[in-house]
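[1] Using only what follows, build the 3D model:
(3 chains)
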Amino acid sequence: MNTTQKRRIPLLLQMALVIFGTYFGFILVFDVLLGQLIPKSLLTMYMVFVVSGVLMVYTFTEEGTRELTAPIKALVEDPSKRNIRNVVFVIVPLLAGYYTYSSMLPSFDPPTELRTIHPAPPNKFKAYGKSFDLTKLENPYRKFEKEDPAKFKEHVREGGDVYIKNCQYCHGDKLDGKGPYAPGLNPTPLNFQDVGTIAQLQESFLFWRIATGGPGLPDEAAPWISSMPIWENFITEDETWKVILFLYDYTGRRPRTWEHE
Amino acid sequence: MFMLSAFMPAANASEAAATASTAVPDAAAPATKAIFPPAPKLTEADYPSIKGVNARVVVWLVAQLHLWFGAFVVAVPMFVFIIEAIGMATREQRYDKMAYEFIKVTITAYSLTALLGGLLSFCLILFYPDLFQYLALIFKESMFAYALLFFAESAVLYIYYYGWHWLQGGNKKWVHLTLGLLLNAFGLLLMFLANAWTTFMMSPAALDAAGVFNGDTWAAIHNFLWNPINLHRTVANVAYGGSIVGAYAAFKFLSAKNKEERAHYDWMGYNANFIAIGALLPLPFAGYYLTAEMYAYSQQMGITLMGGVFAWIFIIQAVLIGALFLSANYYLWCGMGRSEGAHRYNHWIKYIAVVLVVSFLVWFTPHTLVLTNSELKDLGGPYHKYLGVLGIMPAKNTAVNFLILFTYLSFMFYRRSNKFVTVSWAKVGNAAQVALFVAGSINITILGVYHGYFTNTVIKIAASIPQVLTTLVIIIVSVIIDALMYKGAKDVAPLRWGRMPPRSQYALFLLAVSFTWLMGLMGYVRSGIRQHWHVYNMFRDGSPDAFTPGLDYVANIVSIGTIIFMAMVIFVFWLSTVSGKHVVSKGYWKEQQA
Amino acid sequence: MNNLRLGKKMTYKNKLALLALCSALFAAGTAMAKPGNADKGKEVYDKRCTWCHGAEGDGAGAAQDYLNPPPRDFTSGNYKIKTSSFEDMTPNDDDIFRMIRDGMPGTAMPGWSDLLSEQEMWDLAAYLKSFAGFDKPPEKQVDYGTQVKSSAESIEKGKKLFEDGDRCVECHGKSGKGSASKRLKGGGGERTWPRNLTKPWTFIGSSDPKDIYTRISTGIAGTEMPSFADPKSKNVLSVEERWHVANYVESLAKTGMTVNAENTVIKADKVEGELPATTDDKRWNESVPTAFYLVPQIIGEERYFKPSNDTIIVRAMYNDKMVALLMEWDDRTKSIPGDESAEKIADEPIAEDGVAVQLPVVIPTEMRKPYFGMGDESHPVNIWHWKSGTKSEPEAANLLNSLGFKAIEKRDAAAVGLKTVSSYSDGTWKVLMYRPLTTQAADKDIQFAEGKFIPVAFAAWDGSNNSEKGSKHTMTTWYWLLLKPATGSRPLVAALAIMVLFAGGLLWWARSAGRAAGRQH
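    Take a look at the predicted model:
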């Protein structure tokens, strides 16, 4: 280490500052500045890696490691530090005890549910009294987009009427998942405006999700709590395809396809 | 080798293996037109059971252990061959010594592989007789060839190992090196054959609707996912083999008695880590290739893999790979302590660390967040406006490219730490490299952001290609510049091999354990995406274990497997130590009368 | 573009802006009016608004029959939420702008500020006015006088005025919950409900005292809510009086019973001795209320689109033998079929009010629960269903076991010890349900246990609002019921053990370090 260097913050304190700074930085940026809180589970994982990264940076040289651990070593070994040692030796067990106590108190937080939002679809499924092959299923109206734009527009319009009569209660007038009934639902209705939803999916996937509804989901998607009705009971096959057209048209998203354009 | 061609119409297989095999094309094919049965429809009663034994867990663990050892045994000869060749080229004996030591560890592992393979066949015949019979009929030629090939491999390995000190110098050394090449050829062929059986179960070929096989042996072997898996496994094996050998070196380093031993094993650990990371860098791309092919084969399989039950496993995978990269980088940074000139680069490390950590955070941010109820309501839905963006492919691709780029940078600093530049244009060279890195990083970022969020991309996986190319260009050009710049550069001081803190050796251990765990987990995913099928969409699994287990269950089984494997590996390490010990027990043997 | 026309418009808009500025001085939280382009507004309208409000602006969009309140008919010229005087139908541009920007809580109208630019919203406002032919700004604005700040005194005065001569009570009820003594209808002849003043989140024009003051002063066009600034009305109020009433109404809205999204668990406290026997037992005040949103049933035929209630509040207690759940929800009408006064305000045909609790027969140990809509084939649920009774039949508790809504088994509630007690008062139902913690038939009845998270869901029926069909009701998704266990001594013991361990470890470390140091010296 360079001896002519100016006095600076001890490494141990520096490290603690960096770690806590990052932690509160995350909270400040997400919870306060962006207004979208950072989930606890994710923050924990983030901090595990941040802490390991910081530890690595501070210990990869022998000098660094020695300087970092020096205060701890001194605290334990240096007889002149007896008083601080006694204080630390009281505080640390107390903290450990408190942590144990609070983590063992019965929790009133309900169990969290690991739910897959877009589960893998089956190859085939039944709806409208027939079987559909999802791998080959295509929206019969999609072709009009190029062939006959006027007709396409008409179909989109019809789809919009279906949407507003059936879907907006939950998914909202703006397709943002914030319909008037949405606050009472869990899982909350999907936000179609989001880049992570219909833009990532094929039209056939949407058809499957709409036609068979919540109860048609596989187990990993927790079909027992989904409020999505089984739409084959309420709207026709044609209407389903048209409402799909509307969803993409209104949000300006494109359905995912497997062919290069 | 000659017998082989009679059983294996292996024209393309050997191509893939990149060996100089001269096989007779399709010689055996017409002869094997046999009547194949349709895929059996099984019920629980068709699966023999032993009370108190869970058939699936047993087969799972045995297969996984076999694979771990197999991967190690296939991989080590590859770099032993290269190290031996380097030794021959440089005429530095330490390379030859190291190569020998590597192969020494392999010998015990080799017999364990064979034992576990035998056990696996027993278990399959015992617990899954109908499946085994169905597959054995389709693969009868290749299975027979496999058995014979195994003998050939054993023979070559023993000559290679026991003949090491005999085949030294001049032409003899060349014979030895050729044996090494042969050993690798056999090893890879064996793996490719076994891969074919596995991939056939995932992407069956030449089956009609009832599951009746109507192709030839080659059609069954050359199924859709065969080549992607071959590539992925070969690269992964090298990385894995490197990490296990690294653990061996760490084991020896920590138990070393003197300075020389420490220096030797430090150097060995460095080389092993180099191999592991060298192979790890292209692995994500091989992985993407495999995934893309899976999507191409069956979209449903692809979605099961990435979006369904298994999606959570990929989060764990991301975390584990994070641990891999971080420990490898840490090892490199610690390794700079061997050089007296390292302090010139030390202050840069923290910036590399920041980039690495940030890339990781992006990389394992899941698409579907685990949220508490209040968080869910607060966010107004399961999607996070900002973090959700990081959950999809383009962000991950960008992060991976940064990871690889900055890991390479760590390595570059390591290489430079003990050198003085002597060329006159050093400043220009450095500036060019800085410019290269900056421009490349900007390009990768723009590509990721643009492709990911501002185009109606069809396949986001395909969008990553220009990013990968950027990364490769940066690395290659930078290697060239460095090579020219440091040509004839002076060493600061001789490298102090052995001047490594024990911490760094634990990083090597962590690397091996993470690798093992990761391989187990991904092996489960590869097998698990068949879900309730023995042969995908053809031959249904009717056993009581045909369900997809929960994540914690999987993690537990893989952990148990990892513990067993690590215990066996440490046993192997210990054996190699024991073999070098000679105890002179005075007075035990009768004095020989001269 | 026609330059002349454009120029004319500009001057006119400028005048308007000046006027809007004046009104902005009174109405807080409004934006500065900007000239809007009706042609551009039409483009936006045709893409975003026609679905509900219809292409002609007459409220006859596709959603017309499924919404309550129905989409506004702009051609009628009735603007419910406006700050111009009751004498002038014309709203300020700013009023329209505000409704577009912020939306209307309690209706299907969302706020559009995240999808439309400010200019687009002004354009839209300009276009909307053209439907009713409003081409001049309003001549008179609401007179706000000097705002009377809310105080105990003001609230007290407001309360008197609110109740005096049935001024507000006639429709809003004594408690403000809207338990009207008469049937109300809107301009289009549709059924309307008086606002439940204890639910501020349903105030379509915000629950700020100033906004409440405006509603009282202007009335609400197209409904039976009159203006109390109208000197011709016998109920007329002075400016100051209206501020008192506004303050009083605002105080009603502060109930502390709003839904807290974080609270998804009904925590039942354990009590010694008997459980409360009535809905009004004082001990219920100590129990923490948990409020949930009720959502209309739209999953199965026949669907329910026009609910009259959106929340339910639940409390729970238990002792060593029984568990008691107290459900409380607002219902403007006590619906007793056969009762004359009840039938008078009901929509024909009148049915019974009701509430139901749904619980899984088996408490799940993993994530898998029964389907929230009455269970599924492999996961049965218990449903405790209380009905308010008819004139000839008394109220009753029913016990149902269900494997989905097509496989319902009716069982004997008395046999398992399921009992109910109910009360109705001024717009609020309270129903208390008891059941023993365990029953004889463990395969058919839920067996309650301490400390377990038990899924629970609720449903409510309003017999006076189209609930003649059992499927027409409001419901919740799964929430949790927890019988809070006693803490016990385990955490304390464990904490002490850890403390001893840590202290021991540290001392050992220090001693061995000291010894090592000693050796060196």
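
[2] Out of the helices and strands in chain C, which is least certain?
    Every helix and strand in chain C was compared by mean pLDDT, DSSP states H and E; the lowest is helix C:3-26, with a mean of 44.

[3] Now do the strands in the stretch 251-400 of chain C.
    Counting by DSSP state E, counting those that start in this stretch, the stretch 251-400 of chain C has strands at residues C:265-270, C:290-293, C:295-296, C:311-318, C:322-330, C:354-360, C:381-387, C:396-402.

[4] So for C:Phe305, which of those sits nearest?
    Closest approach to C:Phe305 among the strands of the stretch 251-400 of chain C (C-beta to C-beta): strand C:295-296, 6.3 Å. Where C-beta positions appear, they are placed from N, C-alpha and C, glycine not excepted.

[5] Could you check how far B:Trp174 is from chain A?
    Distance of B:Trp174 to chain A, given as C-beta to the nearest C-beta, to the nearest Å: 43 Å.

[6] burial count for B:Val535?
    By the criterion of other C-beta atoms under 10 Å in any protein chain shown, B:Val535 has 21 neighbours.

[7] any idea how far it lies from C:Thr107?
    Distance check for B:Val535 against C:Thr107: by C-beta to C-beta, to the nearest Å, it reads 57 Å.

[8] dump the residue contacts of C:Gly111.
    C:Ile100, C:Arg101, C:Asp102, C:Gly103 (C-beta atoms under 8 Å, 6 or more residues apart in numbering or on different chains).

[9] Assign residue 187 to one of the three secondary structure states.
    By default, I'm working from chain A. coil (DSSP: H, G, I helix; E, B strand; the rest coil).

[10] my bad, the chain I had in mind was chain B
    What three-state DSSP gives for B:Gly187 is helix.

[11] nearest residue to it other than its sequence neighbours?
    The shortest distance from B:Gly187 to any non-neighbouring residue, by C-beta to C-beta, 6 or more residues apart in numbering or on different chains, is to B:Val74 (4.5 Å).

[12] B:Ala75 too?
    Using C-beta to C-beta, 6+ apart, the closest residue to B:Ala75 is B:Gly241 (2.7 Å).

[13] What strand or helix carries the one you found?
    In the assignment (DSSP states H and E), B:Gly241 maps to helix B:226-254.

[14] Can you name every helix or strand that that helix contacts?
    Secondary-structure packing of helix B:226-254 (3 or more C-beta pairs under 8 Å, 6 or more residues apart in numbering or on different chains; DSSP states H and E): helix B:55-90, helix B:93-127, helix B:170-202, helix B:259-280, helix B:283-297, helix B:502-528, helix B:551-578.

[15] So which of the ones you listed is nearest B:Ile481?
    Closest among these, using C-beta to C-beta: helix B:259-280, at 19.4 Å.

[16] Please enumerate residues in contact with the closest one?
    For helix B:259-280, contacts defined as C-beta under 8 Å, 6+ apart pick out B:79, B:83, B:94, B:98, B:101, B:235-236, B:238-243, B:245-246, B:248-250, B:252-253, B:256, B:324-325, B:328, B:331-332, B:335, B:338, B:407, B:411, B:497-500, B:505, B:508, B:511, B:515.

[17] What mean pLDDT does it get?
    In this model, helix B:259-280 has an average pLDDT of 90.

[18] Pull out the buried positions in it.
    By neighbour count on 16 or more other C-beta atoms under 10 Å in any protein chain shown, the buried set for helix B:259-280 is B:262-277, B:279-280.

[19] who wins for most neighbours among the contacts of C:Gly111?
    Neighbour-wise, the contacts of C:Gly111 (other C-beta under 10 Å) top out at C:Ile100, 24 neighbours.

[20] Report the secondary structure state of it.
    helix.

[21] now for the longest helix anywhere in chain C, which elements pack on it?
    The longest helix of chain C (DSSP state H) is helix C:490-520. Applying 3+ C-beta pairs under 8 Å, 6+ apart, one finds that helix C:490-520 contacts helix A:62-77, helix A:82-104.

[22] With only the CA atoms kept, save the first one in CSV.
    What it means is helix A:62-77. C-alpha atoms of helix A:62-77 as CSV (Å, rounded to 0.1, in the frame of the first residue of the first chain):
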residue,chain,number,x,y,z
GLU,A,62,-3.5,-9.5,0.3
GLU,A,63,-3.0,-5.9,1.6
GLY,A,64,-6.7,-5.2,1.1
THR,A,65,-7.7,-8.2,3.0
ARG,A,66,-5.4,-7.4,5.8
GLU,A,67,-6.5,-3.9,6.1
LEU,A,68,-10.1,-4.9,6.0
THR,A,69,-9.8,-7.5,8.7
ALA,A,70,-7.4,-5.5,10.8
PRO,A,71,-10.0,-3.7,12.9
ILE,A,72,-11.8,-6.9,13.6
LYS,A,73,-8.6,-8.7,14.6
ALA,A,74,-7.5,-5.8,16.7
LEU,A,75,-10.8,-5.7,18.5
VAL,A,76,-10.4,-9.3,19.5
GLU,A,77,-6.7,-9.4,20.2
